[in-house]
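Asks: Got a sequence here, can you build the structure:
(chains A and B)
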Amino acid sequence: MAKYQLSYFNIKGIAEPIRMLFAVAGVEYEDIRIQPEQWPSEKASGKYPFGSMPILVYGDIKIAQSFAITRYLANEFGLNGKTNLEKANVDMIADALKDIGEKIGKLFQEQDETKKAEKLAEIKRTDVPTYFGALEGILKDNKGGDGYFVGDDLTWADLLFFSQSEYYPMMLNEDVLISYPKMKALRDRINEHPRIKEWLEKRPKTEY
Amino acid sequence: MPVYKLTYFDARGIAEPIRLIFAAAGVEYEDNRLHHEKWADEKASGKYPFNAMPILEVDGVVIAQSHAIARYLANQYGLAGQTDMEKAQVDMVADVIFDLGKKMGEVLMEQDETKKAEAIKAILEKEIVTFLGGLEKIVAKNGGNKFLVGDKVTWADLVLSGQADFYGALKTDVFAAYPKLKAVLDNVNALPNIKAWREKRPKTGY
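Replies: Coordinates of the predicted model:
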């Protein structure tokens, strides 16, 4: 029986939603973490279709691109909504989370501390309300917002959200979710999900 | 048949793969093109979940995010790959082409001519080689099929078609080293429904 192998750096990053999916589904996998010093030779080996990680290997099949991997496993494990329309809503939420995540991440590349503070203030004034406001609305529209983002069950959009939220205090200098109560409650609910709680306790502790 | 309305600028941009999917599937839709002056008011209407376009209305239900829309329609009309694994390969390839497009967009928006020339040189040496080279290998493994994944057209092929129309801005034949990938592109653009749409669609700068 082939075993899933996930390869990424020894950080949470964009692989963490994938690791959380395996945890929720209760499926075994090899959680391969490549050290920075190993990466150049790994990359040169030609093993990575687009020279990047994460990749998922399963038997003789290989998938790259974190969302392609996450969506594939979510479909396999029944964590991607029930209908095509539900799946489209999961995708839409995931893409939006990715967009705001990238904007925040890009901010961190700014070296000049003054410019960085200005950009941070700008993001908190514009992009955060746009995206988080929209996501809070989408959550509320889903039967009052006390469940999950889409449908009646957990999907990978919820896991992606949780995973990203772990960075908000560090990156935005505040827990931005205080202003978005339904999303905050969702994050807390996911934190208490037995299989996720177990994973959070046993996973390697890394800063990022 | 649901009533579809696609709203975007009067441009190909990131909406074109969606229009290509409708063409490939032979499905009618309203191709709503907003002029720039109208966008500010539209945005303020609150209709656009993330204040951005494109959006697709399906019997009035709004879906945003171009790839979420594309994948939804592709799944509805059998253009997404046959198995979950094929769908994953399609997703992977579509994401890669999109990432390359985003990178190209950044490069081409550079105002300073010297910096822009350097950035173009860098993308030709790095991202084009990594991404198109990676796609060339994937096509080579696809047993002679002139599609990116499997033996029939998928939305990943249509993303390639849409994006490839922008590669000319790099002023180099980027496909020179990737003949199999070029063969896929030519094959897809020659499909009757796609050829017909590309001939009749509004001609826009981007």
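Asks: Kindly list the longest helix within chain A.
Replies: Taking DSSP state H as the criterion, chain A has its longest helix at helix A:84-107.
Asks: who touches the following helix or strand past it?
Replies: Following helix A:84-107 in sequence order, the next helix or strand is helix A:113-125 (DSSP states H and E). For helix A:113-125, the surrounding residues in contact (C-beta atoms under 8 Å, 6 or more residues apart in numbering or on different chains) are A:103-104, A:107-108, A:110, A:172-173, A:176. The way it works is simple: take the backbone N, C-alpha and C, and place the C-beta from them, glycine included.
Asks: who's in contact with the next helix-or-strand element following helix A:113-125?
Replies: Scanning forward in sequence from helix A:113-125 by DSSP H and E, the next helix or strand is helix A:127-141. Helix A:127-141 is touched from outside by A:89, A:93, A:96-97, A:99-100, A:103, A:145, A:149, A:161, A:172, A:176-177, A:179-183, A:186, B:49-51, with contacts defined as C-beta under 8 Å, 6+ apart.
Asks: Would you check how far apart the spatially closest residue to A:Pro36 that is not a sequence neighbour and chain B are?
Replies: Closest residue to A:Pro36 apart from its sequence neighbours, by C-beta to C-beta, 6 or more residues apart in numbering or on different chains: A:Phe9 at 7.2 Å. With distances taken as C-beta to the nearest C-beta, to the nearest Å, A:Phe9 is found 18 Å from chain B.
Asks: Can you give me every residue that contacts A:Phe9?
Replies: If you count contacts by C-beta under 8 Å, 6+ apart, A:Phe9 has them with A:15, A:33-34, A:36, A:39, A:53.
Asks: shaky segments in chain A?
Replies: Flagging of chain A using pLDDT under 70 yields the residue ranges A:1.
Asks: returning to what we had before: quick one, which of the contacts of helix A:127-141 are buried?
Replies: Listed as buried from the contacts of helix A:127-141 are A:89, A:93, A:96-97, A:99-100, A:103, A:145, A:149, A:161, A:172, A:176-177, A:180, A:182-183, A:186, B:49-51; burial here means 16 or more other C-beta atoms under 10 Å in any protein chain shown.
Asks: Go ahead and flag the most central residue of chain B.
Replies: Centroid check for chain B by C-alpha atoms, centre = their mean gives B:Val159 as the closest residue, at 2.8 Å.
Asks: And the pLDDT for that residue?
Replies: At B:Val159, the model reports a pLDDT of 98.
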